[in-house]
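Participant: Here is my input; please provide its structure:
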Amino acid sequence: MESQQFPRGVHPNTSEPAIEPMARPKRPDMMESWQFPQQQGVHPNTSEPAMEFMASKSYIPKRADFAELVLQGPEPPSLWYVLIGMLRKTVHYQSADKHFALSVCAMSILHGLFPILEWWKSYSLKSFRSDLMAGLTLASLSIPQSIGYANLAKLDPQYGLYTSVVPPLVYAVMGTSREIAIGPVAIVSLLLSSMAQKIADPVIDPAFYRKTVFTVTCFTGIFQFAFGLFRLGFLVDFLSHAAITGFMGGAAIVIGLQQLKGLLGLSHFTSSTDVVSVIRAVWVSVHEPWHPENFYIGCSFFLFILGMRFIGRKNKKLFWVSAIAPVLSVALSTLMVYMTRADKHGVKIIQKVDAGINASSIKQINFNGSYVSECAKIALICAVIALTEAIAVGRSFSVINGYKLDGNKEMLAMGFMNVAGSMSSCYVATGSFSRTAVNFTAGCKTTMSNVVMAVTVMVALELLTKLLYYTPVSILASIILSALPGLINFQEVCILWKVDKLDFLTCMGSFLGVIFGSVEIGLSVAIVISFAKIVVHSVWPQVEILGRLQGTNIFCNMEQYPMVCQTPAVLAIRISTSFLCFINGNSIREKITGWVIDKRDAICLVVLDMSNVVNIDTAGLAALEELRQELVSCGIQMAIASPGWQVIHKMKLARLISGIEDWIFLTVGEAVEACPANKKGSDLEC
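Facilitator: This is a model prediction of the structure:
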């Protein structure tokens, strides 16, 4: 039976002739030889003639053929093409006939920005019942927490409630997570208050402080929207998981110490967030007259909330017990203070909470003041922290429910909701892990639960704010304290110590920086250590000597796999870095040169496995050329195996191909087989 031939045809997606395929090989027991067509085709992406295969029986490609496979590939996409592609993915523009249509483009953009247009078509009454129960349960937790977090942000209580109205409504139509609960959170509230009060004092000039907060919130939304629009989500990853773990733990302790003011009923307290300043302030205050009733009320209801949470975790059907514990605590403590008139005996109360839904704050946003640059700096930090927390929360629950969370759409939604929030008396909002867990447990189906929660908070703002007049401040402190244990993850810290000591160092640097310095110092330390880790791994990348696994054409790291052996007369080396550049080019060259000098008399070929090298810069190209010249001076040939697309393209542009055209291969095994010692009859098998 003769080998099957495929006719010459036309490429299915273009009008150009296709490359004529090789003959399909027969089964091993029937195959006589490989057959290659003699006709010459055309490259699919250019008008250049494609590589012509020679037809012969038992054909074995020459080294030049392997080099041609690598060298004659199309040019990689340009930076401009990549950026345009990113923008197209953002708006998801699609057209069936590939022609511009304004209506199609507009609908595509609308569906990309507003996912509610997709799932609303299949929304059912059954799903709404589930979202209604989840939203009401979520509101019972959000109302007291929002008031407490507003106090943490140095704002009046109603601003926390405002932040639980507009941002959730905006996210409901733009977000892709079904479970995430939007509103104020402890970490961002602490960030905002600790940095914004350096611009304006919330006690001396509360009006100017509010203007600062709204301006920061607007900048935060702009940054977040820009991250999503230009697909800059990688900026969020500058804060590694280890850094966030340490930062969250340190912030939880700082937030807890800050609540001592409300828990002890202190009138004067430090505005600093470091542990030394807080402990000093508490020590000074307790030696002055104070009222222990605040402490008794706060601790009693703190234990009550923890007890209800324990019951909810033990019995999943009683999850609502844990969810309503904070609002029940507020109701009982308020009634208790009102009936006993404890406010006249030293118990500090919230007093006035302004009624009515969000008022416009557009005129309070100022982009022309002298403090705008400081606001932008604070906003950038808040934007990254808020996105990190929200995306981490959203992804955790999307994995459980088996759907994909679109990170860039999340950034767009978060940005738009914070810009809208800054114009309606809200401060920075994001996804809350504790409230999202309640939302998920309550059985939410879509983001409609956020709408129900927002409407419920609006009703509370209209009808229930007068009832909060006698709410003790210590209750807000106990509610915040009850939410803090989930921010400290001792188990994760132990895992970091076991797995990666540098990650553990990053975690502890962030933690100690927040505890003994400030929020900015903690974040700065974490970022510096993270970048130092990147630089260390980039400057000294792993360069491995490869050996052949006996009887195979597989090459492995000789230190990792002691059973492999080095091929005689060949030094095979793998460069394990994705970017060969000015940082590591010389160190890699010097390390390889050192190995060559040690084995100079025993080798005649050095094979560089560059399969891991994705890109290269001019310094990396210069290092390769210097290495080649050093090897030539020693009478040793250099071969390159599996170079990356960008690498080979830049080598051609820099004209570094001359002299090694025949020494470029697809695999290390092909390069080793081409060793000159093989032609002299030497046995290259180990």
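
Participant: Which SSE is immediately downstream of the longest helix anywhere in the chain?
Facilitator: Longest helix in the chain, counting residues (DSSP state H): helix 372-401. Following helix 372-401 in sequence order, the next helix or strand is helix 407-422 (DSSP states H and E).

Participant: helices and strands around the helix or strand just after that following helix, which ones?
Facilitator: Later in the chain than helix 407-422, the nearest helix or strand by DSSP H and E is strand 430-432. For strand 430-432, the packing partners by 3 or more C-beta pairs under 8 Å, 6 or more residues apart in numbering; DSSP states H and E come out as strand 181-183, helix 372-401. C-beta coordinates here come from the backbone N, C-alpha and C atoms, glycine included.

Participant: How is this structure divided into domains?
Facilitator: Taking the TED database as the reference, the chain has its domains at 124-251+346-470+490-529, 541-679.

Participant: Out of those, which gets nearest to V337?
Facilitator: Closest of the domains of the chain to V337 is domain 124-251+346-470+490-529, at 4.6 Å (criterion: C-beta to C-beta).

Participant: and the closest one, how far from the chain's centre?
Facilitator: 16 Å (C-alpha atoms, centre = their mean, to the nearest Å).

Participant: Span of that domain from start to end?
Facilitator: Domain 124-251+346-470+490-529 has an end-to-end distance of 50 Å (C-alpha to C-alpha, to the nearest Å).

Participant: what is the mean pLDDT for that domain?
Facilitator: In this model, domain 124-251+346-470+490-529 has a mean pLDDT of 91.

Participant: about what we covered before: okay, the angle between the longest helix of the chain and helix 407-422?
Facilitator: Helix 372-401 and helix 407-422 meet at an angle of 130 degrees, taking axes from the mean of the first three to the mean of the last three C-alpha atoms, to 10 degrees as the criterion.

Participant: in helix 372-401, what's buried?
Facilitator: Buried residues in helix 372-401, counted by 16 or more other C-beta atoms under 10 Å: 374-376, 378-391, 393-398.

Participant: All the strands of the stretch 451-600 of the chain, in order from the start?
Facilitator: Under the criterion DSSP state E, counting those that start in this stretch, the stretch 451-600 of the chain contains strands at 542-548, 555-557, 569-576, 579-580.

Participant: just to revisit the earlier point, save the helices and strands packed on strand 430-432 as TSV, and put in distance to F223 too.
Facilitator: Rendered in TSV, the data for the helices and strands packed on strand 430-432 read as follows (distance: least, C-beta to C-beta, whole Å):
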stretch	distance to F223
strand 181-183	18
helix 372-401	4
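
Participant: As a markdown table, the strands of the stretch 451-600 of the chain with distance to Y171, mean pLDDT and mean neighbour count would be great.
Facilitator: Putting those into a markdown table (distance: least, C-beta to C-beta, whole Å; pLDDT from 0 to 100; neighbours: other C-beta atoms under 10 Å) gives the following:
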| stretch | distance to Y171 | mean pLDDT | mean neighbour count |
| --- | --- | --- | --- |
| strand 542-548 | 43 | 91 | 19 |
| strand 555-557 | 48 | 92 | 20 |
| strand 569-576 | 42 | 93 | 22 |
| strand 579-580 | 37 | 92 | 22 |
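
Participant: Minimum distance to A242: which of those strands has it?
Facilitator: strand 542-548 (20.9 Å).

Participant: where does the nearest residue to F555 once chain neighbours are set aside sit relative to Y403, distance-wise?
Facilitator: The shortest distance from F555 to any non-neighbouring residue, by C-beta to C-beta, 6 or more residues apart in numbering, is to L546 (4.2 Å). Going from L546 to Y403 by C-beta to C-beta, to the nearest Å gives 42 Å.

Participant: List the contacts of the residue nearest to R210 when sequence neighbours are not counted.
Facilitator: Nearest-residue entry for R210: Q364, 6.5 Å, with adjacent residues in sequence omitted and distances by C-beta to C-beta, 6+ apart. Listed by C-beta atoms under 8 Å, 6 or more residues apart in numbering, the contact set of Q364 reads 210-211, 214-215.

Participant: out of those residues, who's nearest V327?
Facilitator: Nearest member of the contacts of Q364 to V327, counting by C-beta to C-beta, is R210, at 26.2 Å.

Participant: give me the element that closest one is part of.
Facilitator: Counting by DSSP H and E, R210 is found in helix 206-229.

Participant: Buried residues in that helix, which are they?
Facilitator: 208-225, 227-229.

Participant: Pretty sure S322 sits against G307.
Facilitator: No. Here S322 does not reach G307: they are 9.6 Å apart, not a contact under C-beta atoms under 8 Å.

Participant: So for those two, which sits in the more crowded spot?
Facilitator: Using other C-beta atoms under 10 Å, the more surrounded residue of S322 and G307 is S322, with 24 against 13.

Participant: Skipping its backbone neighbours, what lies nearest that one in space?
Facilitator: In space, S322 is closest to G312, 3.1 Å off (C-beta to C-beta, 6+ apart).

Participant: Could I have the CA atoms of stretch 290-298 written out in CSV?
Facilitator: Taking Å, rounded to 0.1, in the frame of the first residue of the first chain, the C-alpha atoms of stretch 290-298 are listed here in CSV:
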residue,chain,number,x,y,z
TRP,A,290,-14.3,57.3,83.2
HIS,A,291,-17.6,55.3,83.2
PRO,A,292,-17.3,51.5,83.3
GLU,A,293,-20.9,51.2,82.1
ASN,A,294,-19.8,51.6,78.6
PHE,A,295,-17.3,48.7,79.0
TYR,A,296,-20.0,46.5,80.5
ILE,A,297,-22.5,47.2,77.7
GLY,A,298,-19.9,46.7,75.0
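
Participant: Number the chain from 50, please
Facilitator: That works, and once the first residue is 50, the last one we named lands at stretch 339-347.

Participant: So which elements touch the longest helix of the chain?
Facilitator: helix 235-245, helix 255-278, helix 290-307, helix 456-471, strand 479-481, helix 482-490, helix 568-588.

Participant: Out of those, the one nearest S171 is which?
Facilitator: Checked against C-beta to C-beta, the stretch from the helices and strands packed on helix 421-450 lying closest is helix 456-471, at 18.9 Å.

Participant: Report the buried residues of the closest one.
Facilitator: Using 16+ other C-beta under 10 Å as the test for burial, helix 456-471 gives 456-471.

Participant: you'd agree the residue nearest to S371 is in a helix?
Facilitator: Yes. Secondary structure of G361 (DSSP: H, G, I helix; E, B strand; the rest coil): part of a helix.

Participant: neighbours around it, how many?
Facilitator: Residues near G361, counting by other C-beta under 10 Å: 20.

Participant: I'd like the distance between S173 and I399.
Facilitator: Distance from S173 to I399, by C-beta to C-beta: 41 Å.

Participant: Over to N538?
Facilitator: 32 Å.
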